[in-house]
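A.B. asks: This is the structure alone, sequence omitted:
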């Protein structure tokens, strides 16, 4: 178990990542390729990526170079998830290349104690070796992570909407209580299911919370307690595989109609099925049917929270609402959206 100790200052410095963190997603996808954890939920991704890595000539380099450093086990080098990752993949790889040589070497020796690393890895303290390593990560990211960014962003935005609702109604402590079943808030300590037993004292530094789309199992934090605190954890995924609907079954045609257009506009604010039914003026069962069609079309995403289901827009749904004469405006009786509300998805500053 990981016990994270908060002070009053730390509670004011809790941040939640607004979008997929590229290096944490790289780490998570490499673990998906090495483990059967989440294989059912990510079945479509797994098949696609394995074929795409082979076609790009990356299958062998990934196995021989990346797998040994991103090994499944109790320890992962912190330099693999640099703080610059918050600014995107380019900033992250620049940060990794600038990492002090002594820090990289020390972390590799720590990894070697629990999972033997190849001899070439110990040369990553050299500039040329590290540039080749980061270039491989960049190419892997282009194949295994970047093509799925929209899907990952949709899920993380929906999760942030849940956390935002908890924050607005119960404050930061409500947010910490809503992170998921692997977390338990016992003020002033957040207990986290973890691979090892340890305590993390924030000491006024706050913490960056990183919901991660491709991770599975227990949360992951930085090993070095002196680094800016970060905690990555898996968002809840549906219990069915993430198979894409065949093109011939495209449900976009089912969106035509004034009622469903109103439902789509309501979802822009992140609402439960009951709230949608009340706002649109339909029965609960009708609201559920409409949201199912929108979700199958890839325009919304749904997430269970207790006895209710929260619906939010995907980037595709937000883009559709922004079109002045899009599908949802073709019905003459659809009222215009309120100014500044179309395509709204951000829920936390």
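C.D. replies: Perfect, I can see it now. Bear in mind that the values here come from a model prediction, so they are computed numbers and not experimental data. Numbering: from 1, shown residues only.
A.B. asks: Residue 281: neighbour count?
C.D. replies: When neighbours are counted by other CB atoms under 10 Å, residue 281 registers 10. Placement of C-beta: from N, CA and C, glycine included.
A.B. asks: measure it to residue 274 for me?
C.D. replies: 13 Å (CB to CB, to the nearest Å).
A.B. asks: before we move on, what about residue 140?
C.D. replies: Taking CB to CB, one finds residue 140 at 43 Å from residue 274.
A.B. asks: Quick check on these two: which one has the bigger neighbour count.
C.D. replies: The residue with more neighbours, out of residue 140 and residue 274, is residue 140; 22 against 14, by other CB under 10 Å.
A.B. asks: Verify the stated contact: the more buried one with residue 65.
C.D. replies: No. Between residue 140 and residue 65 there is no contact under CB atoms under 8 Å: 9.4 Å.
A.B. asks: My guess is residue 311 contacts residue 304. True?
C.D. replies: No. Look at residue 311 against residue 304 with CB under 8 Å: they stay out of range, at 11.0 Å.
A.B. asks: quick one: which of the two has more around it?
C.D. replies: residue 311 (30 against 11).
A.B. asks: Spell out the secondary structure type for that one.
C.D. replies: strand (DSSP: H, G, I helix; E, B strand; the rest coil).
A.B. asks: Tell me who's in contact with it.
C.D. replies: The contact partners of residue 311, by CB atoms under 8 Å, 6 or more residues apart in numbering, come to 267, 270-273, 276, 291, 294-295, 300-302.
A.B. asks: For the closest residue in space to residue 127 that isn't next to it in sequence, give me its contacts.
C.D. replies: Nearest residue to residue 127 in three dimensions, chain neighbours excluded: residue 97, at 7.6 Å (CB to CB, 6 or more residues apart in numbering). Residue 97 makes contact with 127, 130-131, 134 under the criterion CB under 8 Å, 6+ apart.
A.B. asks: just checking, which of those belong to helices?
C.D. replies: Using DSSP state H, the subset of these located in helices is 127, 130-131, 134.
A.B. asks: neighbour-wise, which of these leads?
C.D. replies: Neighbour-wise, the ones in helices among the contacts of residue 97 (other CB under 10 Å) top out at residue 130, 20 neighbours.
A.B. asks: so it makes contact with residue 95?
C.D. replies: No. Taking contacts as CB under 8 Å, residue 130 lies outside contact range of residue 95: 11.5 Å.
A.B. asks: for the protein, what spans make up the strands?
C.D. replies: Using DSSP state E, the strands of the chain run over residues 2-5, 14-16, 183-186, 189-192, 198-201, 207-212, 220-221, 230-234, 271-272, 300-305, 308-313.
A.B. asks: model confidence over the fourth one, on average?
C.D. replies: Meaning strand 189-192. Strand 189-192 carries an average pLDDT of 93.
A.B. asks: Quick one: list the elements packing against it.
C.D. replies: strand 2-5, strand 183-186 (3 or more CB pairs under 8 Å, 6 or more residues apart in numbering; DSSP states H and E).
A.B. asks: Could you point out which residue ranges in the chain have low pLDDT?
C.D. replies: For the chain, applying pLDDT under 70 flags the ranges 236-256, 268-269, 305-307, 321-349.
A.B. asks: Count the neighbours of residue 186 for me.
C.D. replies: Residue 186, neighbours per other CB under 10 Å, totals 9.
A.B. asks: Residue 132 too?
C.D. replies: Residue 132 has 14 nearby residues by other CB under 10 Å.
A.B. asks: quick one: it from residue 61, how far?
C.D. replies: 10 Å.
A.B. asks: how does this protein divide into domains?
C.D. replies: 2-17+153-234, 22-149, 247-329 (automatic domain parsing).
A.B. asks: Pull out the buried residues from stretch 13-31.
C.D. replies: Neighbour counts over stretch 13-31 (16 or more other CB atoms under 10 Å) mark 13-14, 16-18, 20-31 as buried.
A.B. asks: hang on, the earlier thing: so what sits against both of residue 130 and residue 95?
C.D. replies: By CB under 8 Å, 6+ apart, no residue touches both residue 130 and residue 95.
A.B. asks: contacting residues for the closest residue to residue 214 other than its chain neighbours?
C.D. replies: The spatial neighbour of residue 214 that comes closest, neighbours along the chain excluded (CB to CB, 6+ apart), is residue 28 at 3.8 Å. By CB under 8 Å, 6+ apart, the residues touching residue 28 are 212-216, 232, 234.
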